[in-house]
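Participant: this one's sequence-less:
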């Protein structure tokens, strides 16, 4: 992790998308303080893996019927994001498999073929799911339904989660629907309740490595750990819909499915660099920058939050008005267009933010 770079990057940031406009604004107010999760609560739900060769104790007999979900949680732990963990094959799962295969010098098929199964076999004792207890501190989290209009959203102090199901889904990189399937008969979620969730990992957090306490709370909330590889270069392929991250030895260490550009706001093909990172950024809405919004609409300044237009983080690039960021709608990644920027799930964007530095190169290609 690049602590000095991270803590210094864009402390006061207003964001606007039209080509996804980002930049410093010395006269703007700092972002409102994020709601803290509490270290104890987050640690209580962190993954507890068996030692190599030992049998897991927190899985479920039904996990044998979830081989795709088990592969997803293993690849997610290794840095090859399958998107929403749901135990189903799809674009994000295929991309994750291809990334894992490339990193292990396997034939890149995008399929869970025999060679890939053999390579993944060392993690067979990592179960597809685990049981967790919703922390008592989550009972202090305010949940508020978000108004549809930006003018109404601008009056709020934070664009937070609308309910416990949404918050749990983001923490375990899944969807409310998958949580419902794993916990049949559970009508609502409350603190102190035990639930079965996807067994996401790579979520160990060293609080001494994070100066920004609001960002620390966000990492806890998303189950994203601080022990991430350093990334020297990033490649985003527009036609393939993925982002690859390489270390100093040019080894592929992470791969995520992304949404990039549109016919109105195309991805700026070329070579760029990372300028900085804005954590939990606010959002400056300028209708003149949106092709699909009337110019007569009023400008708005939206507060930060996971349900803000750019999610929990903005990775600023040397290409003016463009960046890599999160999203309030993870199910749309790889399925819809963006306003020119590169969009990931909030958890993947947060993980990538822990990998980059001011020397990280970025290539956008068709």
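Facilitator: Right, received. Where do you want to start? This structure is a prediction, so every number in the text was calculated from the model and none was measured.

Participant: so what pLDDT did residue 283 get?
Facilitator: pLDDT, residue 283: 88.

Participant: tell me the phi and psi of it?
Facilitator: phi -140, psi 120 (degrees, to the nearest 10).

Participant: so it makes contact with residue 305?
Facilitator: No. Judged on C-beta atoms under 8 Å, residue 283 makes no contact with residue 305 at a distance of 9.4 Å. Every C-beta, even on glycine, is put in place using the N, C-alpha and C of the backbone.

Participant: Tell me how far the nearest residue to residue 44 once chain neighbours are set aside lies from residue 208.
Facilitator: In space, and not counting its chain neighbours, residue 44 is closest to residue 135: 5.6 Å by C-beta to C-beta, 6 or more residues apart in numbering. Per C-beta to C-beta, to the nearest Å, residue 135 is found 22 Å from residue 208.

Participant: who has more neighbours, the two?
Facilitator: Higher neighbour count among residue 135 and residue 208: residue 135, with 19 against 8, using other C-beta atoms under 10 Å.

Participant: The more buried one reaches residue 191, doesn't it?
Facilitator: Yes. Using C-beta under 8 Å, residue 135 is in contact with residue 191, at 6.4 Å.

Participant: how near is the residue nearest to residue 44 to residue 306?
Facilitator: 18 Å.

Participant: what do you get for residue 119?
Facilitator: 34 Å.

Participant: Comparing these two, which residue is more hemmed in?
Facilitator: Neighbour tally, residue 119 and residue 306, criterion other C-beta under 10 Å: the higher count belongs to residue 306, 25 against 16.

Participant: quick one, helices of the chain?
Facilitator: Secondary structure of the chain by DSSP state H: the helices cover 3-8, 39-44, 67-78, 91-103, 114-120, 150-153, 164-171, 176-182, 213-222, 346-353.

Participant: low pLDDT regions in the stretch 151-300 of the chain?
Facilitator: Where the stretch 151-300 of the chain drops to pLDDT under 70, the residues are 261-264, 286-297.

Participant: what about 50?
Facilitator: 291 (pLDDT under 50).

Participant: show me where it has strands.
Facilitator: Ranges of strands in the stretch 151-300 of the chain, per DSSP state E, counting those that start in this stretch, are 194-198, 233-237, 242-246, 252-257, 259-260, 270-279, 283-285, 300-302.

Participant: Go through these and name the closest to residue 179.
Facilitator: Nearest to residue 179 among the strands of the stretch 151-300 of the chain is strand 194-198; the distance by C-beta to C-beta comes to 6.8 Å.
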